[in-house]
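[1] got a sequence here, can you model it:
(one chain, ligands or ions: 1)
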Amino acid sequence: MRWLIEIELILFMPNILDGKKLAQEIELTLKQTIESGLEVARRPPGLAVIRVGNDPASGVYVNYKEKACDRIGVKSFAKHLKEDISLAELREIIKSLNLEKNVDGILLQLPLPSHLDEDSLLRSIDPDKDADGLHPLNLGRLIKGEKGPRSCTPAGVMALLERNKIQIEGKRAVVVGRSILVGKPMALMLEAANATVTIAHSKTEDLASLTREADLIVVAAGKPHLIGANHLKANSVVVDVGIHRLPSDTAVTSGTKRFKLCGDVKTSEIEDKVAAYSPVPGGVGPMTVTMLLANTVDRWQKHCGLPLTISHLLP
Ligand code: NAP
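    Here you go, the predicted model:
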């Protein structure tokens, strides 16, 4: 009888969409791609991450990105700028990076201090070096289904779904959140993969009845534990983009502060109900960094006249 229970448990185990493991696999491919192209290119790929001010979360993300560059052989041209930098000064820095031939990708770490106009600065990045895929031209390319740098987080979600053989075509998907950074490009990528997509947002009435209809739910609302068991039908797939640091007495220690990481989904409520879900941490976060590297290596191949061998990684 016990073996029967064990088999049942195995059969009902949800598939954990392990972003950490997949990110390592893709990083290896990118590292090998760089090594094999170096002789012809005569320089490594270059990525400039621009951080303005001292937002602690941005500091952590920029640190991850720099370490990831080191791991695979991308040269980092990181810039950490003072909080009160003027719009004109920042534009000049972006202009010089646009002209710097050793830089293939530029990323402006968001959010920016409130006196800086995010839209105009994103627009001033050369679309050909747009490592975060947020330039209007590249968002337009996404709408038209043309190749180009892709928004890193949704691109990471697509890779996570595809590599785990989650069927997207023909399925009903709900994306919770409509930001330019995540929700909107996510919906476009799922639609391009032939899902039938609905976007929900803060004004959506009766979110739970909408998400209960979905085969696939991507949650990027920035609200801790927004989605629970009553939001889902059985055997759906849930991707949690949200990431939050909640105070904790028991969990991870960072410097002097103690915190625990959680997402927009109540994992403990849903894990017995779903077919697959992405954990926080270790799900979408590592994939975002890896897709930033993928965009940069793809740009490098283009700028150095190498064959474009990794563009299939960008949805
Ligand atoms: P954002 O710009 O604040 O957008 C949040 C979106 O969620 C908005 O469209 C908002 O609707 C919607 N929303 C808020 N409350 C809602 C509710 N109760 N029901 C339905 N929709 C609701 O945030 P974002 O930049 O897209 O990021 C979302 C989350 O993902 C954050 O936790 C962020 O930290 C995380 N994130 C993680 C990664 C990663 O690598 N893991 C990368 C990027 C972002 P309105 O438009 O109506 O306001």
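[2] how about the residues of the stretch 101-250 of the chain by the ligand?
    153, 176-179, 181-183, 200-204, 207, 220-223, 226, 241-243 (CB under 6 Å from any ligand atom). Where C-beta positions appear, they are placed from N, C-alpha and C, glycine not excepted.
[3] one more time with 5 Å
    Taking CB under 5 Å from any ligand atom as the contact definition, the stretch 101-250 of the chain meets the ligand at 153, 177-179, 181-182, 201-202, 220-223, 241-243.
[4] wait, does stretch 264-279 contact the ligand?
    No - judged by CB under 5 Å from any ligand atom, stretch 264-279 stays clear of the ligand, getting no closer than 6.3 Å.
[5] list the contacts of that stretch.
    Stretch 264-279 is contacted from outside by 12, 14-19, 157, 160, 164, 166, 176, 219-229, 232, 234-242, 244, 280, 284, using CB atoms under 8 Å, 6 or more residues apart in numbering.
[6] ok so, going back, pick the one among the residues of the stretch 101-250 of the chain next to the ligand closest to residue 315.
    residue 153 (11.9 Å; CB to CB).
[7] now for the helix or strand harbouring the closest one, which elements pack on it?
    If you go by DSSP states H and E, residue 153 is part of helix 152-163. For helix 152-163, the elements it packs on are helix 19-41, helix 183-192, strand 237-240, helix 284-303, judged by 3 or more CB pairs under 8 Å, 6 or more residues apart in numbering; DSSP states H and E.
[8] which helix or strand contains residue 217?
    Per DSSP H and E: strand 216-219 holds residue 217.
[9] against which helices or strands is that strand packed?
    strand 172-176, helix 183-192, strand 237-240.
[10] run through who's touching the first one.
    Read that as strand 172-176. Identification of contacts with strand 172-176 by CB under 8 Å, 6+ apart yields 183, 186-187, 190, 195-201, 207, 210-211, 213-221, 226-227, 264.
[11] so that strand versus helix 183-192, what angle?
    With axes from the mean of the first three to the mean of the last three CA atoms, to 10 degrees defining the directions, strand 172-176 sits at 170 degrees from helix 183-192.
[12] just give the number of residues close to residue 273.
    As a burial measure, residue 273 scores 18 neighbours (other CB atoms under 10 Å).
[13] same question for residue 275.
    15.
[14] for residue 74, find the nearest of the helices and strands packed on helix 152-163.
    helix 284-303 (5.9 Å).
[15] state the mean pLDDT of that closest one.
    Averaged across helix 284-303, pLDDT comes to 97.
[16] which residues touch the nearest residue to residue 285 once chain neighbours are set aside?
    Among residues not flanking residue 285 along the chain, residue 243 sits closest, at 6.0 Å (CB to CB, 6 or more residues apart in numbering). Counting by CB under 8 Å, 6+ apart, residue 243 touches 261-263, 280-281, 284-285.
[17] in CSV: the residues you listed, plus neighbour count and distance to the ligand.
    Below are the contacts of residue 243 laid out as CSV (neighbours: other CB atoms under 10 Å; distance: CB to the nearest ligand atom, whole Å):
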residue, neighbour count, distance to the ligand
261, 17, 10
262, 20, 10
263, 29, 8
280, 21, 8
281, 15, 9
284, 28, 4
285, 24, 4
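[18] now distance to residue 66 and secondary structure too, for those residues, in JSON lines please.
    Shown next, in JSON lines, are those (distance: CB to CB, whole Å; DSSP: H, G, I helix; E, B strand; the rest coil):
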{"residue": "261", "distance to residue 66": "20", "secondary structure": "strand"}
{"residue": "262", "distance to residue 66": "25", "secondary structure": "strand"}
{"residue": "263", "distance to residue 66": "24", "secondary structure": "coil"}
{"residue": "280", "distance to residue 66": "22", "secondary structure": "coil"}
{"residue": "281", "distance to residue 66": "19", "secondary structure": "coil"}
{"residue": "284", "distance to residue 66": "20", "secondary structure": "helix"}
{"residue": "285", "distance to residue 66": "15", "secondary structure": "helix"}
